[in-house]
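[1] fold the following.
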Amino acid sequence: MGIIGWIILGLLAGAIAKILLPGRDPGGLVGTTLTGIAGAFLGGWISTKFLHRPVAHHFYDPKTWVAAIGGALVLLIGYRILFGDSRSRR
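    Sure thing, here's the model as predicted:
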């Protein structure tokens, strides 16, 4: 999968993660995309390292999507734990 595929996967995985975990988070389109891309890498690493289930590098593979969305959710939850409601107090 090329860089364009990772960007599209990141955008969609980040958007799905934000739908599953609504609330005020940093971002917009760029933040959502970066969260999704980082989540895809994090989810793939967790899946390979701890679950011993490497994900395929194909855009339409369900394992890739689950790992990407799961990783993006982990990043969003981590952001909320670290920064809490700091954005809503402005």
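
[2] just the element for the residue positioned nearest the centre of the chain, please.
    In the chain, the centroid-proximal residue (Cα atoms, centre = their mean) is Ala72; its distance is 2.1 Å. Secondary structure from DSSP states H and E places Ala72 in helix 62-83.

[3] quick check: angle from the lowest-mean-pLDDT helix or strand in the chain to helix 62-83?
    Lowest mean confidence among the helices and strands of the chain (mean pLDDT, DSSP states H and E): helix 29-49, at a mean of 78. Helix 29-49 runs at 110 degrees relative to helix 62-83, counting by axes from the mean of the first three to the mean of the last three Cα atoms, to 10 degrees.

[4] hmm, who's touching helix 29-49?
    With contact meaning Cβ atoms under 8 Å, 6 or more residues apart in numbering, helix 29-49 is reached by 6-7, 9-15, 17-18, 25, 27, 53-55, 63-64, 66-76. (Each C-beta comes from the backbone N, C-alpha and C, glycine too.)

[5] how far is that helix from where the chain is centred?
    For helix 29-49, the separation from the chain centroid amounts to 4 Å (computed by Cα atoms, centre = their mean, to the nearest Å).
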